[in-house]
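**Q** Generate coordinates for the sequence data below:
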Amino acid sequence: MNQRSLMSPTASDTVTNWLNDFEAALAARDPDRAAQLFAPGSFWRDLVAFTWNITTVENRDGVRDLVAATTADASNFRVADGEEPEEADGVTTAYFTFETAAGRGSGLLRLTAEGAFTLLTTLDELKGHEETRPKGVEHGARKDRVTWTERRAAELEDPHPYVVVIGGGQGGIALGARLRRLGVDHVVLDRHERPGDQWRSRYKSLCLHDPVWYDHLPYLPFPENWPVFAPKDKIGDWLEMYTRVMEVNYWGSSTAKTASWDDVRKEWTVTVDRAGEERVLRPKQLVFALGVSGKPNVPVIPGQDVFAGEQHHSSAHPGPDAYRNSKVVVIGSNNSAFDICGALWEAGADVTMVQRSSTHIVRSDSLMNLALGDLYSERAVAAGVTTHKADTIFASLPYRFLPTVQIPVYEAIAEHDKEFYARLEKSGFRHDWGDDGSGLFLKYLRRGSGYYIDVGAADLVADGEVPVAQGQVVELTEHSVKLDTGQELPADVVVYATGYGSMNGLAADIVGQPMADKVGKVWGLGSDTAKDPGPWEGEERNMWKPTQQEGLWFHGGNLHQSRYYSLYLALQLKARLEGIPTPVHALQEVHHTS
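**A** All right, here's what the predicted structure looks like:
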């Protein structure tokens, strides 16, 4: 007996044994055997590889059902090259790779003495359809040569898209870049003239509240001199450059008016107003890429027709310069409201914020250092945590388990910034940490609202420079805003920083309300918390995955989500283009229509 056989198995040995056992259980099509490899209270999150869906199953019963229902023919499981498994506090963490009949994948495993605690599996590429570098030119002499410029002009002027993407912000552009690399004909439609105009047209103080390491787009990361928090116009310029460099087929000044599905031909008819000219496109796949939100929520309030001043939604706010020395009432207390109030205060306006419900605030520096720093920061990069690795770690945390991870983070933030929160509370501002104390990310994932990443304006509220009025707006008079508390606020300008509706509200304007209802509510986890009604979904509703309407998809989110999930949506679309079988496991159910 050699010395090694007398030693305890290494972390690598333990992981390799588990992967071999898991592969054997899958090969034998033995759901019970596979389920026993998981711990009680475990999670398996699959991104397209096994389910042709984005889904999470829980506990051994969930694993058993997934294995019984899918036939991915997965094999060749092995520890990823250069990634030695690590053991800490009784949990062994390992990156691994594998293959399926359709493609190649990777994942992350957390293994305990009772079995796998979390398993992430992702499809990374399709066999025979890998992303490759194009040659670019055809060498040799030939008559009637078509130049790159001529080819691009023809593609843009007379496209025959397999995919039409409605929405040309960061989500639509990122998906367009993925589709280009996979050789999928596409057109990205946007009502703005130029890529990036979505950002340029917003109020001038707008900037990214997430740090640069969190916000890279696919294939082309921001350069080393890029600011940690990018101003809106700089983001606009980047998106325009990116669209050109990545050869995204982008139609500006183009609005999708209607889209109808032909269930016999299995295609859409999309009518587009392109700079005043009607064009008709007939794609097989239609993607709404409209961010997290949809239509602006503009409240209907008695007296709006008699108010003598200016009133507009935050999405149409031009910036503070026109309102110097004006009395401005901003209705709302989330990101846009704070940004707008801060800019108005700087410009010399007399601004008051109306808070209708409590808001979660986290300071940007604290968010970076205590919440994001281990994954998306300069120190993370120095520690070898690439953007892809950070994305993998983040994706491997099941949404059900995420509050357990996040609550201690926000408890630490509360202690770190206790003086700030004391001042905020003293000012009369109503602050919360989410329904269960889990803070910013869960509020974003559950409802997409109810928070502010503080880049300075919260101090204006805490110090009383921007007063806060509590209550619901019940009436506008000729020169004031009345609240249900009896308070009356003089106003020359009213800004409705009142958020947005679900994305399927915008979709309904194009595909019709019956089809939008067939698909159901977009976004949210079913956490049964404020603005996120149950039942539990396990994943974001209808995002990046098949819906109840064949050929209809939703894509978007913040820059991080646009980058990460655009790959999995693009692979699903490419597979359908190539006729690869895509049996969907656990198709999204519809519990809410708005």
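**Q** Tell me which helix or strand S260 sits in.
**A** Using DSSP states H and E, S260 sits in strand 254-262.
**Q** For that strand, give me every contacting residue.
**A** The set of residues that contact strand 254-262 without belonging to it, under Cβ atoms under 8 Å, 6 or more residues apart in numbering, is 164, 166, 189-191, 267-275, 279, 286, 510-512, 515, 549-552. C-betas here are computed from N, CA, C, even on glycine.
**Q** From these, list just the buried residues.
**A** When neighbours are counted using 16 or more other Cβ atoms under 10 Å, those contain these buried positions: 164, 166, 189-191, 267-268, 270, 272, 279, 286, 510-511, 515, 549, 551-552.
**Q** Filter the residues you listed down to the ones in strands?
**A** Where the buried ones among the contacts of strand 254-262 overlap with strands, as defined by DSSP state E, the overlap consists of 164, 166, 189, 267-268, 270, 272, 279, 286, 552.
**Q** What is the most widely separated pair among those?
**A** Using Cβ to Cβ, those span at most 20.2 Å, a distance reached by R279 and L552.
**Q** shaky segments in the stretch 101-250 of the chain?
**A** Low-confidence segments of the stretch 101-250 of the chain (pLDDT under 70): none present.
**Q** where exactly do the helices run in it?
**A** Along the stretch 101-250 of the chain, counting by DSSP state H, counting those that start in this stretch, helices occupy 148-157, 170-181, 197-200, 232-245.
**Q** outside of the third one, which residues touch it?
**A** Under the contact criterion Cβ under 8 Å, 6+ apart, helix 197-200 has outside partners 168-169, 190, 192, 206, 232-233, 235-236, 239, 252.
**Q** neighbours around V245, how many?
**A** The burial count assigned to V245 is 11, neighbours taken as other Cβ atoms under 10 Å.
**Q** Skipping its backbone neighbours, what lies nearest it in space?
**A** Across the structure, with Cβ to Cβ, 6 or more residues apart in numbering as the measure, the residue nearest V245 apart from its sequence neighbours is L220 (6.7 Å).
**Q** From G252, how far out is that neighbour?
**A** As judged by Cβ to Cβ, to the nearest Å, L220 and G252 stand 20 Å apart.
**Q** Looking at these two, which has the bigger crowd around it?
**A** Between L220 and G252, counted using other Cβ under 10 Å, the more crowded position is G252 (18 against 13).
**Q** And for the closest residue to the more buried one other than its chain neighbours, the neighbour number?
**A** Across the structure, with Cβ to Cβ, 6+ apart as the measure, the residue nearest G252 apart from its sequence neighbours is E193 (4.7 Å). Residue crowding around E193 was assessed by other Cβ under 10 Å; the count is 10.
**Q** Can you give me the end-to-end span of stretch 105-125?
**A** Using Cα to Cα, to the nearest Å, one end of stretch 105-125 lies 7 Å from the other.
**Q** same deal with stretch 144-162?
**A** The straight-line separation of the ends of stretch 144-162 (Cα to Cα) is 28 Å.
**Q** from memory V519 sits against V590, does it?
**A** Yes: contact criterion Cβ atoms under 8 Å: V519 and V590 qualify, at 7.0 Å.
**Q** got any residues that touch both of these two?
**A** By the contact definition Cβ under 8 Å, 6+ apart, V519 and V590 are jointly contacted by Q548.
**Q** out of these two, which sits in the busier spot?
**A** V519 (24 against 15).
**Q** what's the more buried one in contact with, if anything?
**A** 504, 507, 542, 547-549, 552, 590.
**Q** Let me have these in CSV, adding distance to V63 as columns.
**A** Listed next are the contacts of V519 as CSV, based on distance: Cβ to Cβ, whole Å:
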residue, distance to V63
N504, 31
A507, 34
N542, 24
T547, 25
Q548, 25
Q549, 29
L552, 30
V590, 25
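**Q** Tell me which two of those residues sit farthest apart.
**A** A507 and V590 (13.6 Å).
**Q** For stretch 346-362, output the C-alpha coordinates as PDB.
**A** Coordinates of each C-alpha in stretch 346-362 appear next as PDB, following Å, rounded to 0.1, in the frame of the first residue of the first chain:
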ATOM      1  CA  GLU A 346     -27.200  71.900  -7.100                       C
ATOM      2  CA  ALA A 347     -28.900  74.200  -9.700                       C
ATOM      3  CA  GLY A 348     -30.500  76.300  -7.100                       C
ATOM      4  CA  ALA A 349     -34.100  75.000  -7.200                       C
ATOM      5  CA  ASP A 350     -36.300  74.800  -4.100                       C
ATOM      6  CA  VAL A 351     -37.000  71.100  -4.300                       C
ATOM      7  CA  THR A 352     -39.100  68.900  -2.000                       C
ATOM      8  CA  MET A 353     -39.300  65.100  -2.200                       C
ATOM      9  CA  VAL A 354     -42.600  63.300  -1.600                       C
ATOM     10  CA  GLN A 355     -42.100  59.900  -0.100                       C
ATOM     11  CA  ARG A 356     -45.100  57.700  -0.500                       C
ATOM     12  CA  SER A 357     -43.600  54.400   0.900                       C
ATOM     13  CA  SER A 358     -40.400  53.400   2.600                       C
ATOM     14  CA  THR A 359     -37.200  53.100   0.500                       C
ATOM     15  CA  HIS A 360     -34.000  51.100   1.000                       C
ATOM     16  CA  ILE A 361     -30.800  53.200   0.700                       C
ATOM     17  CA  VAL A 362     -27.300  51.900   0.500                       C
END
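**Q** What residues of that stretch count as buried?
**A** Residues of stretch 346-362 classed as buried: 347, 349-356, 359-362 (neighbour count, 16+ other Cβ under 10 Å).
**Q** of these, closest to F429?
**A** Checking the buried residues of stretch 346-362 against F429 by Cβ to Cβ gives Q355 as the nearest, at 6.5 Å.
**Q** ok, for the closest one, nearest residue in space, not its chain neighbours?
**A** Distances taken as Cβ to Cβ, 6+ apart place S333 nearest to Q355, at 4.1 Å, with adjacent residues excluded.
**Q** Pull the contacting residues for the one you found.
**A** Neighbouring residues of S333 by Cβ under 8 Å, 6+ apart: 353-357, 359, 429, 452, 468, 497.
**Q** before we move on, which element is it in?
**A** Applying DSSP H and E, one finds S333 in no helix or strand.
**Q** how close does it get to V473?
**A** S333 is 13 Å from V473, where distance means Cβ to Cβ.
**Q** tally of neighbours for C207?
**A** 17.
**Q** Isn't it up against D233?
**A** No: here C207 does not reach D233: they are 9.5 Å apart, not a contact under Cβ under 8 Å.
**Q** Which stretches in the stretch 301-450 of the chain count as helices?
**A** With DSSP H, counting those that start in this stretch applied, the stretch 301-450 of the chain shows helices at 335-347, 364-366, 378-382, 387-395, 402-416, 418-426, 440-447, listed in chain order.
**Q** who's in contact with the shortest one?
**A** Right, the one you point to is helix 364-366. Counting by Cβ under 8 Å, 6+ apart, 209, 229, 413, 416-417, 453-455 sit against helix 364-366.
**Q** These in strands, which ones?
**A** Using DSSP E, the members of the contacts of helix 364-366 that fall within strands are 453-454.
**Q** Kindly write the ChimeraX command that selects the buried subset of the contacts of helix 364-366.
**A** The following ChimeraX selection, which keeps only the buried ones among the contacts of helix 364-366, applies the criterion 16+ other Cβ under 10 Å:
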select :209,229,413,417,453,454,455
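**Q** re the thing from before, who touches both of S333 and V473?
**A** Contact criterion Cβ under 8 Å, 6+ apart; residues shared by S333 and V473: 354, 356.
**Q** Longest helix of this structure, counting residues only.
**A** Selection of the longest helix in the chain by residue count, based on DSSP state H, yields helix 559-577.
**Q** can I get the contacts of V519 in CSV with pLDDT?
**A** Below are the contacts of V519 laid out as CSV (pLDDT from 0 to 100):
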residue, pLDDT
N504, 83
A507, 92
N542, 97
T547, 98
Q548, 98
Q549, 98
L552, 98
V590, 97
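**Q** Okay, now the unreliable bits of the chain?
**A** Along the chain, the model assigns pLDDT under 70 to residues 1-8, 292-294.
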